[in-house]
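Colleague: Fold the stuff below for me.
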Amino acid sequence: MNILVVEDNKAVSLIICRVIEEMGHQPLLAGDGETALRLYRQREIDLLILDVELPVLDGCSVARDLRNQGLGLPILFISGNSSDGYRQQCQDAGGDAFLAKPLRPSELRAQLQQMLEVRVPVRAVSSH
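Modeller: Next up, the predicted model:
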């Protein structure tokens with residue numbers, strides 16, 4: 001599966017990509033929201049990992065744009081700000097889950113596994 005990672009911090013991106021690759025999936029990288037939307041239009045994306053604070057176009061705007069297009073792909077928000085209000089903003093923008101930075105690889109792996117398990121049956125049913 002293709003997992004689009006939208007993160008402007010290279011160290012965090014490397015951690016996320018390593019976890020994705022260890023799980024047997026393909027990470028695709030974008031450093032800002034506009035690049036993420038462009039990649040989404042060009043490639044088949046199965047899951048989106050989205051930093052909230054990004055240059056050019058923030059993560060909540062990206063999520064709202066995709067949701068307004070009627071796209072139901074799973075969205076995992078990540079952020080260094082984990083206040084309840086901030087989490088609520090992410091949920092209101094269309095996020096399905098939220099992980100606080102610094103990311104723990106084991107928590108990221110568990111969250112991705114859960115989100116991908118939900119995603120697989122939906123895709124299998126729609127393709128028949």
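Colleague: what helix or strand is the residue positioned nearest the centre of the chain on?
Modeller: Closest residue to the average C-alpha location of the chain: residue 49 at 1.6 Å, with C-alpha atoms, centre = their mean. Using DSSP states H and E, residue 49 sits in strand 47-51.
Colleague: What helices and strands are in contact with that strand?
Modeller: Contacts defined by 3 or more C-beta pairs under 8 Å, 6 or more residues apart in numbering; DSSP states H and E place strand 47-51 against strand 2-6, helix 33-42, helix 59-68, strand 75-79, helix 105-126. Backbone N, C-alpha and C define where each C-beta goes, glycine included.
Colleague: 7 Å instead?
Modeller: strand 2-6, helix 59-68, strand 75-79, helix 105-126 (3 or more C-beta pairs under 7 Å, 6 or more residues apart in numbering; DSSP states H and E).
Colleague: Tell me the strands beside it, with direction?
Modeller: Partners of strand 47-51 in the sheet, by DSSP bridges, are strand 2-6 (parallel), strand 75-79 (parallel).
Colleague: For it, the averaged confidence score.
Modeller: Regarding strand 47-51, the rounded mean pLDDT is 97.
Colleague: Can you tell me what sits against it?
Modeller: 1, 3-8, 16, 59, 62-63, 73-79, 115-116, 119 (C-beta atoms under 7 Å, 6 or more residues apart in numbering).
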